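Sequence below, structure please.
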Amino acid sequence: MALHKCPKCELNYIREGEDFCEVCKREMKRAQARIRHVEEENDDDEVIMCSECGEEPAVRGGELCLGCLKEKKRQVVLENASPLPTDDEFEDEDLLQEEDLDAEEE
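Predicted coordinates:
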């Protein structure tokens, strides 16, 4: 059971079969945790471009930019809106009768 100095710090003694002293092991774990934390932050900061126009950055957590989202919402509203009646759906006689009623009331 021979002791030798830690190869990293060359201050503390370690037993045979150990790679580093306890102090160096703790410091290496902290350094790895900091690196992982920084990498996670960098992943969050990655800019994703809009999949529709490809010109603007997408909103956080989405695939589209703000302009494309507004346009998509506008299209959905237009699709869900009731269609306006066409001229074929109105008969001229119905229109004339309504005008006659308005004239009689005056």
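
Got the domain ranges for this structure?
Annotated domains of the chain cover 1-46, 48-79 [automatic domain parsing].

Can you work out which other helices and strands pack against the lengthiest helix in the chain?
The longest helix of the chain (DSSP state H) is helix 22-45. Where contact means 3 or more CB pairs under 8 Å, 6 or more residues apart in numbering; DSSP states H and E, helix 22-45 is not packed against any helix or strand. (Each C-beta comes from the backbone N, C-alpha and C, glycine too.)

now it: how far from the chain's centre is it?
Relative to the chain's own centre, helix 22-45 is displaced by 25 Å; criterion: CA atoms, centre = their mean, to the nearest Å.

Stretch 65-75 too?
Centroid separation between stretch 65-75 and its chain, computed with CA atoms, centre = their mean, is 15 Å.

Retrieve the pLDDT associated with the residue nearest the centre of the chain.
For the chain, the residue nearest the mean C-alpha position is G61 (1.2 Å; CA atoms, centre = their mean). As predicted, G61 sits at a pLDDT of 79.

what's the answer for E104, then?
E104 is given a pLDDT of 54.

Check the gap between A31 and M49 for me.
The spacing between A31 and M49, counted by CB to CB, to the nearest Å, is 34 Å.

I should have written H37 there, sorry.
From H37 to M49 the distance is 26 Å (CB to CB).

So these two - more neighbours on which side?
For H37 versus M49, the count of surrounding residues by other CB atoms under 10 Å is larger for M49: 13 against 10.

can you pull the contacts of that one?
By CB atoms under 8 Å, 6 or more residues apart in numbering, M49 lies in contact with E55, E56, P57, A58.

Kindly recompute the last result at 6 Å.
The contact partners of M49, by CB atoms under 6 Å, 6 or more residues apart in numbering, come to none.
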